[in-house]
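Asker: can't give you the sequence, but here's the structure:
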């Protein structure tokens, strides 16, 4: 009974740290900050409420398109003229591109597209390519056992070293023994489990964590089934022994081949390199990063089908994307408060101070990318995917993303009268 009360308390409250993985997930992941949530509830601490849609448990998260697992992307992503006209009517003027898929009824899906093939710098949305590459290589380590994969994610601990340094984004660090939660930048001496590095990469979009996860995917590619016993020293000796050009090619293949294998071309989505300057010691950039709304939609559709690596991997990636804390930009719309959302946002901008000394954050006058990808699951059974990308100069587009979220939900979630 006590455990049930604690679980209910967790589902009704949240601590100050960012969180994506479902909030009852400490037992299956050993992500330390999830234990901090449980302990806070046990101590009766006052915590900030989260939207009802963020209170789902692990068991409630499912893949929505398994029944159409064998249906090809071309058939699914065929524009519905009436649906598309309604969606296009709420897109503001400016450099916006958007695709939307109403998957409420998998047998009668509706797809809308507006400038779906236009390419944008994806910013932190590109970290999803690292997530895919990581799970692709993880399968090669333990090809026949999902249980061993989970044990590896929970128990294999690796240090950041120089790979994880140089990002201003903080991470939540919870000391279990002292029961203390702090938020700080990644340090070279930090040691976390693979699960926790994945969580830091997605939940707070930490660039250092993304480079560490990327690094581990490269090591899994190189060492295969010997990877679980690989030491940090042996890993660094490997990187020192291979030329930068060769490592760059390997890294590029680790994150981009899985996309190509899903039918996503390099023009539709590619990742050009790692996310921290320090990682450039061994891995260079190649080809630049680019993504289109359609390329991102192709990934999310196949994720819902269970076709990204395999069904277990697809479900685990979806859990990692589940948003259980502060909602920003597109996901902030109150129309989504009761919905479960699986979300990644990214921005990348540049200011020319000679042209405008007052050029502000997310208001770049050279380029000003802002991107939102989201799966929305409303409690009434309405389910849809939206991929929105923008490059509107001199303007923070967060409000436009917020506005479109409410309008699009109103279109898809409109009740018959």
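Answerer: The structure has been received and is ready for your questions. Since we're looking at a predicted model, the values are computed, not measured. Numbering: from 1, shown residues only.

Asker: hey, let's count contacts and neighbours off CA atoms from now on
Answerer: Fine.

Asker: And the helices in the protein?
Answerer: Counting by DSSP state H, the chain has helices at residues 2-12, 26-29, 32-42, 73-76, 81-88, 127-141, 146-155, 194-203, 207-223, 232-241, 244-261, 293-305, 311-321, 398-412.

Asker: and residue 102, which of the ones you listed is closest to it?
Answerer: helix 398-412 (7.0 Å; CA to CA).

Asker: report the angle between the axes of the closest one and helix 81-88?
Answerer: Put simply, helix 398-412 runs at 150 degrees to helix 81-88, going by axes from the mean of the first three to the mean of the last three CA atoms, to 10 degrees.

Asker: So which bits of helix 398-412 are buried?
Answerer: Going by neighbour count (16 or more other CA atoms under 10 Å), the buried part of helix 398-412 is 398, 400, 401, 402, 403, 404, 405, 406, 407, 408, 409, 412.

Asker: now do stretch 140-155
Answerer: In stretch 140-155, counting by 16+ other CA under 10 Å, buried: 141, 142, 149, 150, 152, 153, 154.

Asker: And those, which is closest to residue 366?
Answerer: Proximity of those to residue 366 was ranked by CA to CA; the top entry is residue 153 with 40.5 Å.

Asker: and that closest one, what is it in contact with?
Answerer: Shown in contact with residue 153 (CA atoms under 8 Å, 6 or more residues apart in numbering): 29, 193, 194, 195.

Asker: try residue 117
Answerer: Contacts of residue 117 (CA under 8 Å, 6+ apart): 268, 292, 293, 294, 295.

Asker: How far off centre is stretch 383-400?
Answerer: Distance of stretch 383-400 from its chain centroid, counting by CA atoms, centre = their mean, to the nearest Å, is 16 Å.

Asker: So what touches that stretch?
Answerer: Contacts of stretch 383-400 (CA under 8 Å, 6+ apart): 92, 94-104, 120, 292-294, 296-297, 300, 329-330, 359, 361-377, 401.

Asker: Give me the pLDDT value at the residue nearest to residue 271 when sequence neighbours are not counted.
Answerer: Computed as CA to CA, 6 or more residues apart in numbering, the closest residue to residue 271 that is not its neighbour in sequence is residue 289, at 4.5 Å. At residue 289, the predicted lDDT confidence score is 95.

Asker: so how far is residue 328 from residue 289?
Answerer: Note on residue 289: its distance to residue 328, by CA to CA, to the nearest Å, is 23 Å.

Asker: With neighbour numbers in mind, choose between the two.
Answerer: Higher neighbour count among residue 289 and residue 328: residue 289, with 19 against 16, using other CA atoms under 10 Å.

Asker: Quick check: the more buried one touching residue 121?
Answerer: Yes - if you go by CA atoms under 8 Å, residue 289 and residue 121 touch, sitting 6.0 Å apart.

Asker: what does the domain assignment say about the chain?
Answerer: Here the domain assignment for the chain is 1-50, 60-120+294-412, 124-290, based on automatic domain parsing.

Asker: how far does the longest one sit from the chain's center?
Answerer: A distance of 12 Å separates the C-alpha centroid of domain 60-120+294-412 from that of its chain, computed with CA atoms, centre = their mean.

Asker: before we move on, the earlier item: can you add mean pLDDT and give the helices of the chain back as TSV?
Answerer: Shown next, in TSV, are the helices of the chain (pLDDT from 0 to 100):
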stretch	mean pLDDT
helix 2-12	37
helix 26-29	79
helix 32-42	69
helix 73-76	96
helix 81-88	97
helix 127-141	98
helix 146-155	96
helix 194-203	93
helix 207-223	97
helix 232-241	96
helix 244-261	97
helix 293-305	98
helix 311-321	96
helix 398-412	96
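
Asker: Please consider this matter closed, and thank you.
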